[in-house]
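Chemist: build the 3D model from these lines:
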Amino acid sequence: MSRRANRVMLAGTGPTPERRLFVAHDVKADEKRVGLHEHLGREDVLALLPLSPVWPAQDYSNGRVLGRNRLIGAGQVLDWLLTHPGDGWQARWRAAGADRGKDWIEQLLARTDNGHSYQERRSTLLSGLNSMFISRIVLPDYEFLRGWPWRCSRTSSACSRPGRWSRCAATAASWA
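Modeler: Next comes the predicted model:
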């Protein structure tokens, strides 16, 4: 019997080889990847985020102001990135080691103790960071994204409503 890499094994005929979920690739290829808004200033980035087609159109009746919270969270991340060396947001993201784990998120939350609960502060920070990913301010590597708690259902439903795709395309075209 030939030993093919992708052969099918019948149940109970031997150990199943371990399969890696993530195949490592050449990191050098990622070094030149930068977002569309790499050299915008902090205030310009914060002004750009609400232009995203998935930005909340209205606030909730319970007093939560989603857009404002996203801007606060994004501002916290941008302020943290500004403390690291680099010519743009992506260079600072790499210099900060943000792709090497998520411990920095907990450290940033500890520094932003503003009287709100841990869950509120975490939600604000992560929603701002998520907005930065969607707007391609920073481009995290695949290993980071694999463990990222995406809010796909909300984002996907916002983009899949009738008429939203054309708005998405028009926004993307204006960023190019």
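Chemist: and the helices in this structure?
Modeler: Applying DSSP state H to the chain gives helices spanning 28-31, 42-48, 66-82, 89-95, 103-111, 118-134, 142-146, 152-160, 164-175.
Chemist: helices or strands next to the fourth one in the packing?
Modeler: Using 3 or more Cβ pairs under 8 Å, 6 or more residues apart in numbering; DSSP states H and E as the contact criterion, the elements in contact with helix 89-95 are helix 66-82. (Glycine included, C-beta is placed from N, CA and C.)
Chemist: touching the helix it packs on from outside, list them.
Modeler: In this structure, residues lying in contact with helix 66-82 by Cβ atoms under 8 Å, 6 or more residues apart in numbering are 42, 45-46, 49-50, 55-56, 59-60, 89, 92-93, 96, 104, 108, 112, 123-132, 137-138.
Chemist: keeping just the C-alphas, turn that helix into PDB.
Modeler: Below are the C-alpha coordinates for helix 66-82, written out as PDB (Å, rounded to 0.1, in the frame of the first residue of the first chain):
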ATOM      1  CA  LEU A  66     -22.200  52.500  20.300                       C
ATOM      2  CA  GLY A  67     -20.500  54.900  18.000                       C
ATOM      3  CA  ARG A  68     -19.100  56.900  20.800                       C
ATOM      4  CA  ASN A  69     -17.900  53.800  22.700                       C
ATOM      5  CA  ARG A  70     -16.200  52.500  19.500                       C
ATOM      6  CA  LEU A  71     -14.400  55.800  19.100                       C
ATOM      7  CA  ILE A  72     -13.200  55.800  22.700                       C
ATOM      8  CA  GLY A  73     -11.900  52.200  22.300                       C
ATOM      9  CA  ALA A  74     -10.200  53.000  19.100                       C
ATOM     10  CA  GLY A  75      -8.700  56.100  20.700                       C
ATOM     11  CA  GLN A  76      -7.300  54.100  23.500                       C
ATOM     12  CA  VAL A  77      -5.600  51.600  21.100                       C
ATOM     13  CA  LEU A  78      -4.300  54.500  18.900                       C
ATOM     14  CA  ASP A  79      -2.900  56.200  22.000                       C
ATOM     15  CA  TRP A  80      -1.200  53.000  23.000                       C
ATOM     16  CA  LEU A  81       0.200  52.500  19.500                       C
ATOM     17  CA  LEU A  82       1.600  56.000  19.500                       C
END
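Chemist: picking that back up, save the helices of the chain as a markdown table, and put in mean pLDDT and mean neighbour count too.
Modeler: Compiled in a markdown table, the helices of the chain are given as follows (pLDDT from 0 to 100; neighbours: other Cβ atoms under 10 Å):
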| stretch | mean pLDDT | mean neighbour count |
| --- | --- | --- |
| helix 28-31 | 58 | 10 |
| helix 42-48 | 95 | 15 |
| helix 66-82 | 92 | 19 |
| helix 89-95 | 93 | 20 |
| helix 103-111 | 89 | 13 |
| helix 118-134 | 90 | 19 |
| helix 142-146 | 78 | 12 |
| helix 152-160 | 44 | 12 |
| helix 164-175 | 65 | 12 |
